[in-house]
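Q: One predicted model, sequence on top.
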Amino acid sequence: MPDTITKLTYQTFQQSKIYFALAHKRISTQLRNFIHPNLKLNTKSLSAEILQKMQQRIDKIIEKDLADGEKGIYPVNIIFDNPWADFFSYYPNVWLDMPSVWEKIQQKKYQEFSQEIDTQDYPNYYKISIIKQMDT
């Protein structure tokens, strides 16, 4: 078992990424509701039971990562290697792209791609809308 400090540090590191993602989702949803109040997405809240199962699975992944590092499958320090500078340099683009994403949702243009994007290797579920699939 990895030493306690490494384990606690890694758990905290991973949990902070989850909390960051949840905060992003919450803020972006509030912003979307403000800008596009009529844009309703067909989503459901997750039950406490599902959230608990998800957390248990995340905890198991974290434990496995640490155990694999300790077994020498890869160095333990590699699980802390994240390109934060890259992340923070690209993250503003996520926010800047949101209005166009919301517009595509509103217009039901889920599978439309820019001409510059080569979708040849994309899975079909990325390229074919459910409506198109039902028509065939």
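A: Good, I have the coordinates.
Q: CA atoms for contacts and neighbours, from now on please.
A: OK.
Q: what's the closest non-adjacent residue to Gln14?
A: Ile62 (7.9 Å; CA to CA, 6 or more residues apart in numbering).
Q: Burial check on the one you found, number of neighbours?
A: Using other CA atoms under 10 Å, Ile62 is surrounded by 18 other residues.
Q: quick one: it and Gln11 touch, right?
A: Yes: counting by CA atoms under 8 Å, Ile62 does reach Gln11; the two are 6.9 Å apart.
Q: Which residues belonging to the helix or strand where the residue nearest to Gln14 lies are considered buried?
A: Ile62 is part of helix 48-70, with elements assigned from DSSP states H and E. Buried residues in helix 48-70, counted by 16 or more other CA atoms under 10 Å: 58, 62-63, 65-69.
Q: Output the below-cut-off pLDDT ranges for this structure.
A: Residues of the chain that meet the criterion pLDDT under 70 lie in 1-2, 129-136.
Q: List phi and psi for the residue positioned nearest the centre of it.
A: With distances taken as CA atoms, centre = their mean, the residue of the chain nearest its centroid is Ala21 (7.0 Å). Backbone torsions for Ala21, taken as degrees, to the nearest 10, come to phi -60, psi -40.
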